[in-house]
Every structure is written in structure tokens, then in C-alpha cells.
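Student: Sequence plus the predicted model coming up.
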Amino acid sequence: MISRQSPLWKTLLLSASVTLLAAGGCHKKTNALPPPASLPPESTVAPTASITADPMAIDQGQSVVLNWRSSGATSVSIDGIGNVAVSGTQTVSPASSTNFHLVAKGDGGTTEANVRVTVRVPTVPSTGTSGTADDEMGSDAAFHAAVKDVFFGYDSYDISPEAETAVTAASKYLAAHPAVKLLIAGYCDDRGSAEYNITLGENRANAAKQALVAAGVQPARLRVVSYGKERQFCSEENESCWQQNRRAQFNLDR
Amino acid sequence: MPIPPRRSRLAAALLLAASALSCSSSLHAQDWFHLETSTGAGKLRLAVANFKPGSPDPATNPQKAVFDTTLAADLANAGIFDLVSKNMAPQATPGTQAEIQLAQWAAAPSSAAMVAFGNLSVANGRLTVNGFLDDAKNTQFPQIFARQYADTASENSARQIAHKFADEIIARLDGGITGIAETKIFYVKLAGSSANGSKEIWQMDYDGANQHQVTHAGYAISPRVSPDNSRVAYSSLDRNGFQIRMYSMLLNRTVNFADAGGTNVSPAWSPNGQQLAFSSSRSGDPEIWVSDAGGTSARRITEFKGPDVSPTWNPKTGAQIAWISGRTGLPQLYIMDADGSGVQRLTDGGYATSPSWSPNGQFLAFAWDRKYGPGAPGGQDIYVMEIATKRWIQLTHDTGRCDFPAWSPDGRHLVYANSPDGRAEHTRIMTMLADGTGKHTLTSSGGDMPNWSWR
């Protein structure tokens, strides 16, 4: 649209698209496994150590399995857990996002390893829902067990095939529970500008609403609110977290 | 009269710099730009004497200190003076026209063309300031003006009187353009963490002094003050999402603004104060609507699938609106006539947000991430585009994430939000001259979405 494009412009645009192409497959770094054979204990080579968590991101109240291995170490400790076996597993339930910091000490020195477990704290208010008391709508637990939120692509409010599945589940639940009214809340990741994101979140929540209406749900049972990026499910700066925030959330509209 | 027409010169310099930069194919043009406006060449050399204390009251000196500091800062911030450093100026504190020896000020090293001076006294709870402005080179009739100011004695009064005197000096030396020292900035202040904190509308003086809370809405964003300073439109979160609300600065409470369903955000005043443009999804898709100042007689002026948000009126004509639309994907900057016709796209890529239209109608300031995309090293910076040519200059570089630029009423300054590390809770409010120089911070972390009063 710009009529007087300078070469500078074109260079910038070109480099932007190259960056886009090159950016695929950027994922979380995982710690390397230690070498298969243990070194002799009298070695003065520094110990090796690794620690992993599965899964690396949980909702508050869920647990993760920590798995660590070391070699050439005489003592191993993990911050917050204390001294542990040189290799082992343990199940933990951190209340908030935690760095599990492992220190392996041996004759050859000290080696450290880290894994970060992201805990998604449900800070998002369910506007209009007061408490979790059961009423004619049924319990929140039963609702959330049957109906999952809809997630969106970057800067998108298109309903993906996976999102279609969630919409179908929600429409079936609504058909089976005629008293239920739904609050659909739209959210965005924290990149970009606040005002634009409120309208993008509105488009997301509306897209979920339209899909439900297309599946036969009466519009009067559906209420839409956009929080944009003003409320966040997850505050890490990485794609898995951004994905958590790009959603249309279903709640009982009490 | 030895007073040059400075307004047109500054505007011309900005325009020249803008065209020089975006026409050039070389990045070195950035150096040109700074040379063009930052040498101080052609700026009027002005000295400000510390004022003479004129009373024995113990409140005199503290209030004089506030006055002297504020006056010097206002004249330095104005961006049109080559201000004589107080280290180079004569140590004299002439209190009256009879006491000043102009030859002393006109001589090197101060070499002042103009001198501001005067006296300040506190008596019986009253603060009285006599300010003078002299032409140091005119030995026969040096006085340009003399003015007396009086108010209840307080440090805040001393600050406000300094602002008034500064604006008077600027008006006299700058061809009648009113200074901005008495203007206000409205902004959003975050309390608590960004994940579940509250946001309220706050107000401060243009220099960051006198910060205080305006609304008690729970979660309020996007303040826009009316052209007559009587009302602040904003958007706050309630059971049905974000809604436009109106706060009366005269009544100190919210006043009615008609609700019509959907999400309603980003209000913008027409320059006559009679209309508001805003984004509303009352008909389904978020579109730009225009209503009267009470929210009634609303009519839709855009109709295209995708987000439409953040309108800003051309304050010069009131006949055009710039806004942000996601109709083709990532948000881009557009302008249209106020009836929705004549839509023109101004940016050709990246991620553009938060436009603000310059008071002279020629420029749009906005935030732009030209390389935005998944995995791209996003740098969101402040840009100014000359609307007639679509040429632009970049005003911030590598200082973190910038957003929400807003023009000062004299068109010489911009206020904006900046987060050094990109995190929302570290955002603070900064200001700069419209050529990108003179950047300084106005608030601590937690300040966001600034909006400059119209006068």
C-alpha cells in the first residue's frame, strides 16, 4: 500500500519473513541424559548430572514426576527436597512455578542441573459465578470434566479441528443439561497491545459462541466476555505458556 | 522585535528530518536526523536567574527552591531553548528590573539572548511571585514582559506558578504557541501483580509531579480526557466485560454513559468534545462506533470482519479518524473520514497499534513492531508517520517495549509507555520531544496508557 517504498523497507520486510521461516520448531530445551557407563568412583573427573520433570507444566494441585541421574557423584541434593539418592525419581506437587535445582558433588567437583516446572495458577475470575455450590446447573467439577476450553493459533480466532472437538463436547453437555447457561471468556497471550487484544479476545469468544450456535445451542444461553490480555493463565514468556493464554474459556454462567 | 517565528521552523525541521530519513535507502540517515534537530543551532539562548527571596518567612526558601527547579525544568523541557547552564550564568539574583545588569548576562560564558528573573516572597500565608523577561541585547528597552502571580503559599502553588510563568515565556518567545507546563497527563496505574492486580485511572502534571488517583473502578484502562478537561472517558471491566465509562472531573464521580451490550473499549474524543469514537462489539464483531458524549445516538462507521479498535480523531479538522484494524490479519494502521468513507491503509506490515493524531493534523504517532511474528525478535517502538506521504521515522530504539504514544497539545512532545524488559508490570511512563530526543521517565513501574490533556 505504501507507494514510495524505499529499499530499506524491502530489506526489513524480507528479513522479517526470513525470520518467520527460520523460527519453526523452537521448543523447550531438555537436559541431556548422562553417559551410559558410570565413571570409576576414584576418578577426579567432575560428576555428571541431569534432571527432568514430566510433565513440565501442570495445573495447581496436580503433580509431576522428577527424574534425575548422576554419575561420579558422592552426594546429590535438590533444593527444597534435600539430600537424595545419586539417581532416582520423586513425585512432587509444587504450589507455584518452581525451579528444581540439583547439585551433584563428587571428588572431581560439583555439577548442577535444573528443571523448571510451570504451575498454572487459576487466577482468572469466573465473572458471575459465585462459589462452586451445586444448583440446577450441576457442579463445576462435572462441567469442567466434560467441557474443555477452546485454544487458538497466534493472532487467530479461527476454530481449529481440535477446537471443534471441544465445541462439540460443550454442545452435547448443553443439550443434556438444559438448565445450564454458559459464560464464554476470551483471552490472549501477553504480546501485542492491550486494546487490540481485548477485541481479539472478543473475536475468539464470539467464534466459540457462533460454533455453539451452529451446533444448535440457543444464543440466549451464551454470554460472551473478553479479557484480552488483562488476565493471564500463565505468565511465562514461551510458546507453551502463550498457547495457554490464547483461549475461549467455558464456565457455568450462574 | 528580535523574536523569530519558531513554530514554523520546528515543524519544518521535523518534516525535513522525516522526509530525509524515510527517503534515504541508508540506515546512516538516522545520524542525519539527530544532526538536524539536536545541535541546538538556531535555538534561542535563554538564561534563568534563581529568584530573589523577598521575605523573611521561613517558608520562603523551600518554596523558592521548588519554584526555581520547576521553572528551569519547564524551560529545558520546552525543547525550543538553548538554556544557559546555571553553572555558567552569573551568580547574581536580580529581583527587579532595576537590579539586573544585563551586560553581565549577555557576556560570555552565559551569552544569553534572553533572561528570566524575579523575586518570590511569602507573607501571611500568601505566595507572591514577580517574574520578568528581558531581551539582554536590547539595552534601551530590555523588558519583554513583567507579571505578578499570587496564590496560597505552598510548594504546590510555587510549582504551579512556575508552570504559568514558563508558559508565558514560551508564548512570548514562540509566536503565541501556548506552552505545556500547565497541562496534565492521565494514565493507568497498576496495583498488585499484572496477573490479578487492579488498574485505576490516575492523573499527574506534565512533568510527573502531583500524581494522584482519579477513578475507583476496580479495573479501568484507556483514559481519554475531554478537550475542555471536564471529563475523562475510559473503559472498565464489569460483569459483561469492558464498558465505556465517563468520569466528571468537576463532580469527582462517574456520570452516565449509555450501555448497549458487547465489549466497548478505547474511547476517543472528537476535537469539539461533542462526540466519542470507540470500539464496540454490540452488533457482534468489534467495529468503530461514534456516539454523542453520553453514549447515545451511536452509529457504526466500520463494517469488516476482524478487530477494529483504538480510534483517534484528527484534532485539527475533526473530519477524519485513524484506527487499528485486524481485517487482513495482524493489526495495521488505517485512516478514514469520520463517516466511515475513504478508508486508507497506512502501514504495510508488522504489528501496528495505538495511534495518536498530532494537533496540527499532519502526523500520526503509533506503536509498531515491524518484524512482528512468532519467533521474531519483536521490538515494539514508537514511530511518527507523515500522513500525506506515508513516510515515517522511528523515535525509540532498543529500549524495550514501547506503546501508547500520545501528543502534547503543542505538538512538540510525546508521552508513551515503556517496559525495559517487556514485562507488563515493569511498564512506566516516559516523555520525549517529537524528534525522539530528550527522553526521560515520568513515573515508576506500574504506569501505562498515558493520555495528554488538550490544554
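Tutor: Alright, I've got the coordinates. Owing to the predicted nature of the structure, the values given are computational and were not obtained by experimental measurement. Numbers count the residues shown, from 1 in each chain, chains lettered A, B, ... in the order given.
Student: can you pull the pLDDT of residue 210?
Tutor: No chain in the question, so chain A it is. Looking at residue A:210, its pLDDT reads 96.
Student: Not quite, go with chain B.
Tutor: Taking residue B:210 on its own, its pLDDT is 96.
Student: Chain neighbours aside, what residue packs nearest to it?
Tutor: What sits nearest to residue B:210 in space, not counting adjacent residues and going by C-beta to C-beta, 6 or more residues apart in numbering or on different chains, is residue B:204, at 5.7 Å. Using the backbone N, CA and C atoms, a C-beta is placed for each residue, glycine as well.
Student: Would you mind measuring from that neighbour to residue B:451?
Tutor: 11 Å (C-beta to C-beta, to the nearest Å).
Student: hang on, residue B:357 packs against residue B:314?
Tutor: Yes - using C-beta atoms under 8 Å, residue B:357 is in contact with residue B:314, at 5.2 Å.
Student: Looking at these two, which one has more neighbours?
Tutor: residue B:357 (27 against 23; other C-beta atoms under 10 Å in any protein chain shown).
Student: what pairs with the more buried one across the strands?
Tutor: As for beta bridges, residue B:357 partners with residue B:364 under DSSP bridges.
Student: got a list of what it touches?
Tutor: Neighbour list for residue B:357: B:312, B:313, B:314, B:315, B:322, B:363, B:364, B:407 [criterion: C-beta atoms under 8 Å, 6 or more residues apart in numbering or on different chains].
Student: what two of these have the greatest distance between them?
Tutor: Spatial extent of the contacts of residue B:357 (C-beta to C-beta) is set by the pair B:313 and B:363 at 13.9 Å.
Student: sorry, back to before: so if I had to pick from residue B:204 and residue B:451, which one is more boxed in?
Tutor: residue B:451 (26 against 20).
Student: Shouldn't the more buried one be within a strand?
Tutor: Yes - with DSSP: H, G, I helix; E, B strand; the rest coil as the criterion, residue B:451 is located in a strand.
Student: Helices of the stretch 151-254 of chain A, residue ranges please.
Tutor: In the stretch 151-254 of chain A, the helices defined using DSSP state H, counting those that start in this stretch lie at A:161-176, A:194-214, A:239-245.
Student: Comparing these, which comes out most buried?
Tutor: Among those, helix A:194-214 has the highest mean neighbour count (mean count of other C-beta atoms under 10 Å in any protein chain shown), at a mean of 26.
Student: and the angle from it to helix A:161-176?
Tutor: 60 degrees (axes from the mean of the first three to the mean of the last three C-alpha atoms, to 10 degrees).
Student: do helix A:194-214 and chain B meet?
Tutor: Yes - using C-beta under 8 Å from any C-beta of the partner chain, helix A:194-214 reaches chain B at A:194, A:195, A:196, A:198, A:199, A:200, A:202, A:203, A:206.
Student: Dump those into CSV; add pLDDT and distance to residue A:249 as well.
Tutor: CSV is the format used below for the residues of helix A:194-214 next to chain B (pLDDT from 0 to 100; distance: C-beta to C-beta, whole Å):
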residue, pLDDT, distance to residue A:249
A:194, 95, 19
A:195, 97, 21
A:196, 97, 20
A:198, 97, 15
A:199, 97, 17
A:200, 97, 15
A:202, 97, 13
A:203, 97, 15
A:206, 97, 13
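Student: Nearest to chain B among the residues you listed?
Tutor: residue A:199 (3.6 Å; C-beta to the nearest C-beta).
Student: Next up, the contacts around that closest one.
Tutor: Taking C-beta under 8 Å, 6+ apart as the test, what residue A:199 contacts is A:226, A:228, B:263, B:265, B:279, B:281, B:286, B:307, B:308, B:309, B:326.
Student: Local confidence estimate at the first one?
Tutor: For residue A:226, the pLDDT comes out at 97.
Student: and it, what are its bridge partners?
Tutor: residue A:186.
Student: Do I have it right that it meets residue B:264?
Tutor: No - when contacts are counted by C-beta under 8 Å, residue A:226 is not listed as touching residue B:264 (10.5 Å).
Student: Now do the shared contacts for those two.
Tutor: Between them, residue A:226 and residue B:264 share these contacting residues under C-beta under 8 Å, 6+ apart: B:242, B:281.
Student: Distance from the chain centre to the longest strand seen in chain A, please.
Tutor: The longest strand of chain A (DSSP state E) is strand A:109-120. Centroid separation between strand A:109-120 and its chain, computed with C-alpha atoms, centre = their mean, to the nearest Å, is 18 Å.
Student: Then stretch A:177-187?
Tutor: 22 Å.
Student: mind checking the end-to-end distance for it?
Tutor: 26 Å (C-alpha to C-alpha, to the nearest Å).
Student: ok, which stretches of the stretch 1-150 of chain B are helices?
Tutor: B:6-23, B:29-38, B:60-77, B:102-106.
Student: And the ones you listed, which one averages the lowest pLDDT?
Tutor: helix B:29-38 (a mean of 34).
Student: What are the boundaries of the strands in the stretch 151-300 of chain B?
Tutor: B:184-191, B:198-205, B:212-213, B:220-225, B:231-238, B:241-248, B:253-255, B:264-269, B:275-280, B:287-292, B:299-300 (DSSP state E, counting those that start in this stretch).
Student: where exactly do the helices run in the stretch 301-450 of chain B?
Tutor: Counting by DSSP H, counting those that start in this stretch, the stretch 301-450 of chain B contains no helices.
Student: Write out the residues of it neighbouring chain A.
Tutor: B:306-310, B:324, B:326, B:329-331, B:344-351, B:353-354, B:367, B:370-378, B:380, B:389-391, B:403-404, B:422, B:424, B:448-449.
Student: Make a ChimeraX selection of the buried ones in the residues you listed.
Tutor: The ChimeraX selection below is limited to those of these classed as buried (16 or more other C-beta atoms under 10 Å in any protein chain shown):
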select /B:306,307,308,309,310,324,326,330,331,345,346,347,348,349,350,351,353,354,367,370,371,372,373,374,376,378,380,389,390,391,403,404,424,448,449
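Student: Please narrow the residues of the stretch 301-450 of chain B next to chain A to those residing in strands.
Tutor: Filtering these for strands - DSSP E - leaves B:308-310, B:324, B:344-345, B:351, B:353-354, B:367, B:391, B:403-404, B:448-449.
Student: My read is that residue B:164 contacts residue B:178, right?
Tutor: No - counting by C-beta under 8 Å, residue B:164 sits too far from residue B:178 to count as a contact (11.0 Å).
Student: Quick check on these two: which one has the bigger neighbour count.
Tutor: residue B:164 (19 against 15).
Student: residues in contact with that one?
Tutor: Per C-beta under 8 Å, 6+ apart, neighbours of residue B:164: B:149, B:181, B:182.
Student: so how far is residue A:45 from the last one?
Tutor: Just to be clear, that refers to residue B:182. Residue B:182 sits 72 Å away from residue A:45, going by C-beta to C-beta.
Student: Can you pull out the low-pLDDT segments for the stretch 101-250 of chain B?
Tutor: B:193-196 (pLDDT under 70).
Student: Could you tell me how many residues sit around the closest residue to chain A within it?
Tutor: Going by C-beta to the nearest C-beta, chain A is nearest to residue B:241 of the stretch 101-250 of chain B, at 3.9 Å. Residue B:241 has 27 neighbouring residues, counting by other C-beta under 10 Å.
Student: Which residue, other than its chain neighbours, is closest to it?
Tutor: That would be residue A:225: by C-beta to C-beta, 6+ apart, it lies 3.9 Å from residue B:241.
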